[in-house]
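Got a sequence here, can you model it:
(2 chains)
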Number of protein chains: 2
Amino acid sequence: MVEKVKLGIIGYGAEGGMYAGFFRSKDARLNENIELVAICDNDPAKKEKVAADFPGLPFFDNYMEMLESGVVNAIVTTVPHYDHCVIGIDALKRGIHLLGEKPAGVYTKDVERLIAAADENPETTFAIFFNQRTNPLYQKVKQLMDDKAIGDLQRVTWIITTWWRPQGYYNQSAWRATWGGEGGGVLVNQAPHQLDLLQWICGKPEKVFAKLQYGVGREIVVENEVNALLDFGNGATGSFITCTNDLVGTDRFEIFGTKGKIIVEDSKKLIVKQLTAPEATLSEKMDMSDVMKIFMGQVDMAQFVTETEEEFTTVFGQQHIDVLNNFADHVVNGAPLLANGRDGINGVTLANAMHLSSWLDKEVDYNVDGDQYLAELNKRIAAEGKFEIRK
Amino acid sequence: MVEKVKLGIIGYGAEGGMYAGFFRSKDARLNENIELVAICDNDPAKKEKVAADFPGLPFFDNYMEMLESGVVNAIVTTVPHYDHCVIGIDALKRGIHLLGEKPAGVYTKDVERLIAAADENPETTFAIFFNQRTNPLYQKVKQLMDDKAIGDLQRVTWIITTWWRPQGYYNQSAWRATWGGEGGGVLVNQAPHQLDLLQWICGKPEKVFAKLQYGVGREIVVENEVNALLDFGNGATGSFITCTNDLVGTDRFEIFGTKGKIIVEDSKKLIVKQLTAPEATLSEKMDMSDVMKIFMGQVDMAQFVTETEEEFTTVFGQQHIDVLNNFADHVVNGAPLLANGRDGINGVTLANAMHLSSWLDKEVDYNVDGDQYLAELNKRIAAEGKFEIRK
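Alright, predicted model coming up:
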């Protein structure tokens, strides 16, 4: 236990800049267990920017120096995805608490190494920045599913296409939307939140069949459109649909259970339809005359189903601040972590399985063979010819 | 050409009874080109019922006698699905105009025989009872897609789970929800309308991958839950989700095109979002600062997209009467058929492909091998042990 989290931000880009901004503005929502003590970036231009934004704050142009400086006791890794595991492992090995950015990594084999480093350093906190888990709406949905409020999962469908990104977005950095620099497209960059929430709420699938489209309407080589069919076993299935080329995106999440249905619209509106008994039980008791009465509107449906509707609002920054506070509370007081870093492998596994299904053109096991995945990924990195292959 | 359609209804059950009811009540929406002249049913109990409902109307307990009686010049086949082709072929061969019930048949090989009979009798009308094609909402959606109002198809998702049926429904007749008597479950009985509309509006897929569940919460052997992923080629995909065990069913149809989106909710509300240019063109012109402005709500989206919303109402019986009238107008005056009987094979092909994908546990070509499908179907009929295998 430490008295306070002395946080170092590694990577002063858009995301790192946002987190730093909370400290710079002394955001009152930040709790007393965390302070920003250093920033690191390997881009020389960032040194001056940090000096201007945070006069006197220690700046490092090499993350290893920061880790070994004695200045920080925790870091957050707002760096390109391939670096999440590398830097994370180096931090954990040195007893530096890690709040890793999502995705945990690009491929499972790498994330397994990160988890092994965490297991070898059990006293060091390993958390992951799944800020959407702090959204009260999704917390409620998870609670409902954990409580079996709509029975057991039968089917889940998430159309999440509000991740629109134009060509100019991809042109920002040379590593974006490449196999060797980023490791994929929408599955690695935009959708990891939903890939996590889906499994956090509904559990892990067993098999994955996915149709991916690469560079639709964009000068990129990675996937920017995904239509996947998941098999959770026991007859439960799922559809996961995402893309970055829908200017009028949809966000609609529907969970169908043996005792009702949950619908989330635009990550704001929650509709819960709970049956008064399992559907199969209600079915047993009804004959066609009952059904005709229902169809004709002659039956008070309240005897079979209760429906509630609730609107949630989001406040800018709240989710990210909640994650920072929870991380600090865990490190300082042992509060339960909202997102254990080990959970990060689930989203990576699912993304890898979707890639592999597309590459092999067949349904694959959810637990992909890590070596096979990496070999297939490296084929694409080699063909791209811009970056070194990965190990 | 004939002066008037002299219609014989074959099968005086729920559906045949509804059609007969329009004539019995002298429904003013029926046009002058059609009249009901006879009813046929092989159930002896129906003879008295018809005598009571339609005093003096000719009744036949054998459809062949009706076809050869000289009383009718057209029939509608409200009979179990396997009989659609058998009776249809017998009618067409005798020059009796056919308004076939949906589905056109249970398996493509049988429907091909029906189409061959129609081709051999080109003067005889072969129509199919796709009443939902008369729905002004779906006619408008088809027109929008034909006009490329939202560009080319990129993805379509239809969750159509409003087909709830309790156990009592399946207990009504021995042939219901059996392989040998009905030929399948929700794909053969309830969803054929949407299997037709989907292809009428979006075109035919090339490949089909489907997860089917059999007898979920019901004492039946056929599928009552379907989650299918369709591949239309050229990067366009689709999801088709249906079931009969959702008491709080969803009906949501979303089409995502290269130039916008169409959403149909509950077969009532039509939302059309049309981009002012193809999305890829808009993307080319925007950089990240434009995107940030859009995300911050600082951009008037009207420059990129126009959105319209329209509510449609349905009137009981209107769709069915529209089909009867269109059939009669075609037979009498040569008016264009809303649903040529030959179109019926599309829905059967897609249903067969979904079954076959599930049975073989892999993605299959849309154009299934008819002999292979029938062999697989017959395996299930034999295992069921209640009906003769099919040829």
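
okay, now the domains of chain A?
A:5-129+A:317-340, A:133-314+A:347-384 (automatic domain parsing).

Next, the distance between the ends of the last one.
The straight-line separation of the ends of domain A:133-314+A:347-384 (Cα to Cα, to the nearest Å) is 35 Å.

Am I right that residue A:167 is in contact with residue B:288?
No - Residue A:167 is not in contact with residue B:288 according to Cβ atoms under 8 Å; the separation is 10.1 Å. Where you see a C-beta, it was placed from the backbone N, CA and C, and this is true even at glycine.

which strand in chain A runs the most residues?
Longest strand in chain A, counting residues (DSSP state E): strand A:223-233.

buried set for it?
A:223-232 (16 or more other Cβ atoms under 10 Å in any protein chain shown).

who wins for proximity to chain B among the domains of chain A?
domain A:133-314+A:347-384 (3.2 Å; Cβ to the nearest Cβ).

Would you mind listing what in the stretch 251-391 of chain A touches chain B?
Proximity of the stretch 251-391 of chain A to chain B, by Cβ under 8 Å from any Cβ of the partner chain, involves residues A:252, A:254, A:256, A:258, A:260-261, A:263, A:273, A:275, A:278-280, A:282-288, A:290-291, A:304-305, A:307, A:361-363.

In ChimeraX, how would I select the buried members of those?
With 16+ other Cβ under 10 Å as the criterion, this ChimeraX line picks the buried residues out of those:
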select /A:252,254,256,258,260,261,263,273,275,278,279,280,282,283,286,288,290,291,304,305,363
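
What about the residues of the stretch 251-391 of chain A next to chain B, which are in helices?
A:279-280, A:282-285, A:288, A:290-291 (DSSP state H).

on that earlier part again, can you narrow the buried residues of strand A:223-233 down to the ones near chain B?
A:225, A:227-229, A:231.

can I get those in JSON lines with pLDDT?
Output for those, formatted as JSON lines (pLDDT from 0 to 100):
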{"residue": "A:225", "pLDDT": "98"}
{"residue": "A:227", "pLDDT": "98"}
{"residue": "A:228", "pLDDT": "98"}
{"residue": "A:229", "pLDDT": "98"}
{"residue": "A:231", "pLDDT": "98"}
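
and the host helix or strand of residue A:380, what does it pack onto?
Secondary-structure assignment from DSSP states H and E places residue A:380 in helix A:370-384. The elements that helix A:370-384 packs onto, with contact taken as 3 or more Cβ pairs under 8 Å, 6 or more residues apart in numbering or on different chains; DSSP states H and E, are helix A:108-120, helix A:344-360.

from the buried residues of strand A:223-233, which two are the most distant?
A:224 and A:232 (26.1 Å; Cβ to Cβ).

Tell me if I'm right that residue A:384 and residue A:179 touch.
Yes - if you go by Cβ under 8 Å, residue A:384 and residue A:179 touch, sitting 5.1 Å apart.

Of these two, which one has the most company?
residue A:179 (25 against 14; other Cβ atoms under 10 Å in any protein chain shown).

List the contacts of the closest residue to residue A:239 other than its chain neighbours.
Spatial nearest neighbour of residue A:239, chain neighbours left out: residue A:157 (4.5 Å); criterion: Cβ to Cβ, 6 or more residues apart in numbering or on different chains. By Cβ atoms under 8 Å, 6 or more residues apart in numbering or on different chains, the residues touching residue A:157 are A:238-239, A:241, A:252-254, B:157, B:159, B:239, B:241.

cool, and residue A:170?
Residue A:170 touches A:176-177, A:218-220, counting by Cβ under 8 Å, 6+ apart.

Skip the chain neighbours and tell me the closest residue to it.
According to Cβ to Cβ, 6+ apart, the nearest residue to residue A:170 is residue A:177 (4.7 Å).

element containing the one you found, please.
Per DSSP H and E, there is no helix or strand for residue A:177.

Quick check, it in contact with residue A:221.
Yes - between residue A:177 and residue A:221 there is a contact at 7.2 Å, judged by Cβ under 8 Å.

Looking at these two now, which is surrounded by more residues?
residue A:177 (29 against 17).

I'd like the distance from that one to residue A:105, if you could.
Counting by Cβ to Cβ, to the nearest Å, the separation of residue A:177 from residue A:105 is 18 Å.

sorry, back to before: among the contacts of residue A:170, which one lies nearest to residue B:315?
residue A:218 (46.4 Å).

what's the burial count for the closest one?
What residue A:218 shows, counting by other Cβ under 10 Å, is a neighbour count of 23.

can you map out the strands along the stretch 51-200 of chain A?
A:59-60, A:74-77, A:97-100, A:126-128, A:153-160 (DSSP state E, counting those that start in this stretch).
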